[in-house]
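1. Predicted coordinates and the sequence they were generated for:
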Amino acid sequence: MPMSMSGKVVAVTGAARGIGAQTARDLAHKGARVALIGLEPEELASVAAELGPGHPWFEADVTDPESIGAAIDETARQLGGIDVVMANAGVAPFGTVRHHDPRAFTKTVDVNLNGVFHTARAALPHLIERQGYLLVVSSLSAFAPIGGMAAYTASKAGSEALASALSSEVRHLGVAVGSAHPSWIDTDLVREASADLPSFRAMRAKLPWPMHSTTNVADCSRAIVAGMERRARRVYVPRSVMLMHWLRNLPASRLVERLMLPTVRKLMPQMEAEVARLGRGFSARNDELQGK
């Protein structure tokens, strides 16, 4: 039987925008008390005000164990415990491995993988106390790597593996762990990458189904909340992403490589040139945030 979210305490990282903010709205609508955690205080305060009283926000950096630990502990103190944690904070850089900014690559792994570790480690004492649920937001990219997104793919594949290992570690303690795997979601992150890089738009358009499908934030949030209610081991957004989970070796197969070769031969040099002209490894907003 699905778990009711009414009265449950949920901590969401990366809650200022996009999937995190919309999931917080949907959880609050179902009666959950939501703690919003992220790096943008004005945006966090705005979402918290929209949700109403009883939904605190905390400025915290998931790459800093003390920072995220303090936010998690304060959530538990203010709201009386924690039932669910959504490890959602993430970044996506530009570029191929050959020309990647090493700092952007390292930062991506630090946020998307190490940040999940720090969040989970801080949350586990509270989740064990409530026999709660941790949802790690990974990606379709964990199953379907594509050129130009090596840092993102590696970090999201790592976060999926971390969730799987952690699930086996804490199941006997009554804690469930799941991973969510959205395809392209219509968020600021995706829109900014599309605006910055025409090659990124062209690459997405050439990907085979279901790798090119785009889902709106509202549908993604509904799927994630439903996954929380089921304490799901995996959440696929859209459901067709499940196919790529079972066919995860296909994107790296020689057949697909041959089919994509004409596109890759044209678009990889174009992407490298576009990133060089931009002079940065992230979107403008993410560059500002990571500079904090």
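-> Nice, I can see it.
2. all strands in the stretch 51-200 of the chain, in order from the N-terminus.
-> Using DSSP state E, counting those that start in this stretch, the strands assigned to the stretch 51-200 of the chain run over residues 57-59, 84-87, 133-137, 176-182, 184-185.
3. Out of those, which gets nearest to R98?
-> Checking those against R98 by CB to CB gives strand 184-185 as the closest, at 24.2 Å. To be clear about C-beta, it is placed using only N, CA and C from the backbone, and glycine gets the same treatment.
4. Direction included, what does the closest one pair against?
-> Sheet pairing of strand 184-185 (DSSP bridges) gives strand 214-215 (parallel).
5. ok so, going back, just put the strands of the stretch 51-200 of the chain in CSV and tack on mean neighbour count, distance to A161 and mean pLDDT.
-> Output for those, formatted as CSV (neighbours: other CB atoms under 10 Å; distance: least, CB to CB, whole Å; pLDDT from 0 to 100):
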stretch, mean neighbour count, distance to A161, mean pLDDT
strand 57-59, 22, 28, 98
strand 84-87, 29, 14, 98
strand 133-137, 27, 10, 98
strand 176-182, 24, 9, 96
strand 184-185, 20, 22, 74
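6. possible to save the ones you listed as CSV with distance to T215?
-> Shown next, in CSV, are those (distance: least, CB to CB, whole Å):
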stretch, distance to T215
strand 57-59, 26
strand 84-87, 17
strand 133-137, 14
strand 176-182, 7
strand 184-185, 5
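7. quick one: the helices in the stretch 1-150 of the chain?
-> Using DSSP state H, counting those that start in this stretch, the helices of the stretch 1-150 of the chain run over 18-29, 41-51, 65-79, 102-109, 115-130, 150-170.
8. on contacts alone, who are the packing partners of the shortest one?
-> Translated: helix 102-109. For helix 102-109, the elements it packs on are helix 150-170, judged by 3 or more CB pairs under 8 Å, 6 or more residues apart in numbering; DSSP states H and E.
9. one more time with 10 Å
-> helix 150-170, helix 284-290 (3 or more CB pairs under 10 Å, 6 or more residues apart in numbering; DSSP states H and E).
10. which of those helices has the lowest average pLDDT?
-> Ranked by mean pLDDT, the helices and strands packed on helix 102-109 end with helix 284-290 at the bottom, a mean of 57.
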